[in-house]
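Colleague: Okay, predicted coordinates and the sequence, questions at the end:
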Amino acid sequence: MSDDIKREELEKQEAEKKALLERMAKEKAVAQFNLAECYAHGYGEFLKDDQKALQCYEIAAKKGHLMSQCRAARYYDSYFPAVLGITKDDQKALQYYEMAAKQGDMDSQYNAAWYYRNGGKGIERDAQKALHYYEMAAKQEHLESQYNAALYYDPAYYYFYSGPGITKDEQKALQYYEMAAKQGHSGAQKWIINYYLHRSIGAEIS
């Protein structure tokens, strides 16, 4: 078999794979995700096309596909690099982060918390929701979420770490600081040292 015939045969096979994926994608979320990945990375016969990738991710995301929810969120998230032809949209990013967060993805839980803590275009700050997502991720050993949950409970912290529905609680703060400290968070470790040092000094004085 000549090289030209081999090449034609391979091209035909790749075209058939592409057509099959596109047909399957109309019905199955996983196939939509696979098609999106092909467009996102330019695999095989697929030319890289982020707009088509996002379209497929969103279809799969709305069908409950976790990784598609994460990918779609990042396309819209203002804090990720801009992609040609796609308009950043914090509200849509948060929408997909929350979808993924409810399915247990701790990075999405953290990102949803970040949006509620800091706000965004069309998103109001909501301390209660921020703490809710930080605690979800903290329980999965997400380091920065453990530390941020501690700050919300810490009586010494206000502004970003307070708001309607937030009750300061030193013991809960200690619980999350200890979680973060055990994973090597230097800020949490310093807080715990100071906490026990002051308790010790207070006990000696009394």
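Modeller: Sure thing, it's come through.

Colleague: switch to C-alpha atoms for all contacts and neighbour counts from now on
Modeller: Noted.

Colleague: Next secondary structure after the least confident helix or strand in the chain by mean pLDDT?
Modeller: When each helix and strand of the chain is scored by mean pLDDT, DSSP states H and E, helix 3-25 comes last, with a mean of 72. Later in the chain than helix 3-25, the nearest helix or strand by DSSP states H and E is helix 29-41.

Colleague: for that following helix, packing partners?
Modeller: For helix 29-41, the elements it packs on are helix 3-25, helix 50-62, judged by 3 or more CA pairs under 8 Å, 6 or more residues apart in numbering; DSSP states H and E.

Colleague: Identify the residues contacting the most centrally placed residue in the chain.
Modeller: The centroid of the chain falls nearest to Ser108 when counting by CA atoms, centre = their mean (2.4 Å). Residues in contact with Ser108 (CA atoms under 8 Å, 6 or more residues apart in numbering) are 70, 97-98, 100-101.

Colleague: This protein: helices as residue ranges?
Modeller: 3-25, 29-41, 50-62, 66-76, 90-102, 106-118, 127-138, 143-153, 170-182, 186-205 (DSSP state H).

Colleague: Quick one: closest of these to Tyr161.
Modeller: helix 143-153 (4.6 Å; CA to CA).

Colleague: what's the angle between that closest one and helix 127-138?
Modeller: 140 degrees (axes from the mean of the first three to the mean of the last three CA atoms, to 10 degrees).

Colleague: contacts for helix 143-153?
Modeller: With contact meaning CA under 8 Å, 6+ apart, helix 143-153 is reached by 110, 131, 134-135, 137-139, 157-158, 161-162, 166-170, 172-177, 179-180, 183, 185, 188.

Colleague: Can you tell me which of the contacts of Ser108 is nearest Asn194?
Modeller: Nearest to Asn194 out of those is Ala101 (CA to CA; 33.8 Å).

Colleague: is it true that that closest one touches Gln109?
Modeller: Yes - in terms of CA atoms under 8 Å, Ala101 counts as a neighbour of Gln109; the distance is 4.6 Å.
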